[in-house]
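Colleague: Structure for the following, please:
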Amino acid sequence: MEIKTKNARGLLLVLFLGQLVAFSLAAGNFASSLVANLGVNAPLTQSFFVYLLLTLVYVPILFHRRQKPRIPWYWYLAIAFIDVQGNYLFVEAYQYSSITSITLLDCWTVVWVIILTWYILGTRYSFWQFLGAGTCVAGLCLVLLSDARSPDVQDPGKIPLLGDALVIAGTICYAFTNIGQEYCVKKNDRVELVAMHGLCGVLVTAVQIFIFERKNLEAVAWSPTMISLFAGYAAATFMFYNITPFVLKMSGSTLFNLSLLTSDMWAVAIRVFLYQQKVNWLYYLAFTVVAIGLIIYSLNDISSGDETAESTEAVAQYQQLPSEDNSKGSCSNLNGQERKQQEEAHIC
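Modeller: Below you'll find the model as predicted:
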């Protein structure tokens, strides 16, 4: 009973953290889309402030520990480099494609993660886990259907095919980043991962801004609205990077990305409460379907963990039996020797 209670609490905690990550991602995407609508194209600069916040908060904590990194620095540099490219591709995609297309192609991150964890980390998925993942994707398709029926008109000046290609490339980058972060956080603690990720991210983005984005940055009109949008994106993404290691360590990359599928539904909720816009009834149905999919996947993941724990206990008990038999045998041998000594003493 205690194990089941702990598993239930762990399930609720994972689902809550997953939705918190999804909400922070939705807030960051919303701020990024507003920046793109104002005609500003500076995706690397947006990411730079996020990595700078991570560096200022976590690097002093890492230095205070006075411990050498447990994982070589070049692994963190590789993960940060791939993550910067993924952020750049996704933010840049808002310049060319619609939110509906970006949301649809974002689902491919789940597919890439399942494939990579299967071959790289050796993770095996059951039928019910595939069913839970498919249910989540089906719920997101309902959100897309609701978005397609909205009266919003796409900007004719955009290039959807180019934006879709950027999103597909970004999903591959995010998949590799999630796998690397999952491996690092399960082999090491969260503070070192976030600190080194932020520090390496600052170095990578600073170099790329100097090479590719310097002219675009000089053309930005830094109005109070623009500064607020950059600050909002940095704060939301900072929260995203803070909570991500917890979810990766407790559940893994697949459930993490399944939880992110609800970020677009949180974006719709932001529109409803902040801008008083009406949404289609399919949104509420989609939220329910995705929640059911997450529960199916999470329950199966935890039940498999229970079976592993039970089998481990059984093996431990089985290994104790020979020692118990040996102890009984040794006791009987001692009793026999004592009897012989008593008989010899009696004869004498």
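Colleague: Show me the shaky parts of the stretch 151-300 of the chain.
Modeller: Judged by pLDDT under 70, the stretch 151-300 of the chain has its weakly predicted residues at 151-158, 252-255, 257-262, 264-265, 267-268, 270-271, 274-280, 298, 300.
Colleague: ok, residue 35 touching residue 234?
Modeller: No - at 11.6 Å, residue 35 and residue 234 do not qualify as touching, with contact defined as C-beta atoms under 8 Å. All C-beta spots, glycine's among them, are computed from the backbone N, C-alpha and C.
Colleague: list residues touching both of the two?
Modeller: Common neighbours of residue 35 and residue 234 (criterion: C-beta atoms under 8 Å, 6 or more residues apart in numbering): residue 46.
Colleague: So for those two, which sits in the more crowded spot?
Modeller: For residue 35 and residue 234, the more surrounded residue by other C-beta atoms under 10 Å is residue 35, and the numbers stand at 25 against 21.
Colleague: Give me the nearest residue to the more buried one, chain neighbours excluded.
Modeller: Leaving out its chain neighbours, the residue that sits closest to residue 35 by C-beta to C-beta, 6 or more residues apart in numbering is residue 229, at 5.1 Å.
Colleague: just residue 173 next, same as before
Modeller: Distances taken as C-beta to C-beta, 6+ apart place residue 86 nearest to residue 173, at 3.3 Å, with adjacent residues excluded.
Colleague: My guess is the one you found contacts residue 181. True?
Modeller: No - assessed by C-beta under 8 Å, residue 86 is found out of contact with residue 181, at 11.9 Å.
Colleague: distance of the residue nearest to residue 35 from residue 41?
Modeller: Per C-beta to C-beta, to the nearest Å, residue 229 is found 13 Å from residue 41.
Colleague: Counting neighbours, go ahead and name the busier of these two.
Modeller: Set residue 229 next to residue 41 and count neighbours by other C-beta under 10 Å: residue 229 wins out with 21 against 17.
Colleague: how about the more buried one, what does it touch?
Modeller: Applying C-beta under 8 Å, 6+ apart, we find residue 229 in contact with 31, 34-35, 38.
Colleague: Next one: residue 168 from residue 91, what distance?
Modeller: 15 Å.
Colleague: out of those two, which sits in the busier spot?
Modeller: Counted by other C-beta under 10 Å, residue 168 and residue 91 do not tie: residue 91 has more neighbours, with 25 against 16.
Colleague: OK, contacts around the closest residue to the more buried one other than its chain neighbours?
Modeller: Leaving aside its chain neighbours, residue 91 sits nearest to residue 43 (3.4 Å; criterion: C-beta to C-beta, 6+ apart). The neighbourhood of residue 43, defined by C-beta under 8 Å, 6+ apart, consists of 32, 87-88, 90-92, 213.
Colleague: Just the buried ones from the residues you listed?
Modeller: Applying a neighbour-count criterion of 16 or more other C-beta atoms under 10 Å, the buried members of the contacts of residue 43 are 32, 87-88, 90-92, 213.
Colleague: ok so, going back, phi first, then psi, for the residue nearest to residue 173.
Modeller: Backbone torsions of residue 86, given as degrees, to the nearest 10, read phi -60, psi -40.
Colleague: ok, now residue 123?
Modeller: Dihedral angles of residue 123 (phi, psi; degrees, to the nearest 10) stand at phi -70, psi 140.
Colleague: Quick check: chain neighbours aside, which residue is closest to it?
Modeller: Closest to residue 123 by C-beta to C-beta, 6+ apart is residue 117, at 4.1 Å.
Colleague: in the stretch 101-250 of the chain, which spans are helices?
Modeller: 108-116, 127-148, 160-187, 190-208, 214-218, 224-250 (DSSP state H, counting those that start in this stretch).
Colleague: want to try CSV for these, with distance to residue 58 as columns?
Modeller: Below are those laid out as CSV (distance: least, C-beta to C-beta, whole Å):
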stretch, distance to residue 58
helix 108-116, 25
helix 127-148, 31
helix 160-187, 13
helix 190-208, 4
helix 214-218, 26
helix 224-250, 9
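Colleague: Can you tell me which of these is nearest to residue 80?
Modeller: When the helices of the stretch 101-250 of the chain are compared by C-beta to C-beta, helix 190-208 sits nearest residue 80, at 3.5 Å.
Colleague: How about that closest one, which residues are buried there?
Modeller: So for helix 190-208, counting by 16+ other C-beta under 10 Å, buried means 190-205, 208.
Colleague: Equivalent analysis for stretch 175-190, please.
Modeller: 175-185, 190.
Colleague: Redo those as a markdown table? Include distance to residue 125.
Modeller: What follows is the buried residues of stretch 175-190, written out as a markdown table (distance: C-beta to C-beta, whole Å):
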| residue | distance to residue 125 |
| --- | --- |
| 175 | 15 |
| 176 | 19 |
| 177 | 20 |
| 178 | 16 |
| 179 | 15 |
| 180 | 20 |
| 181 | 20 |
| 182 | 15 |
| 183 | 18 |
| 184 | 22 |
| 185 | 20 |
| 190 | 25 |
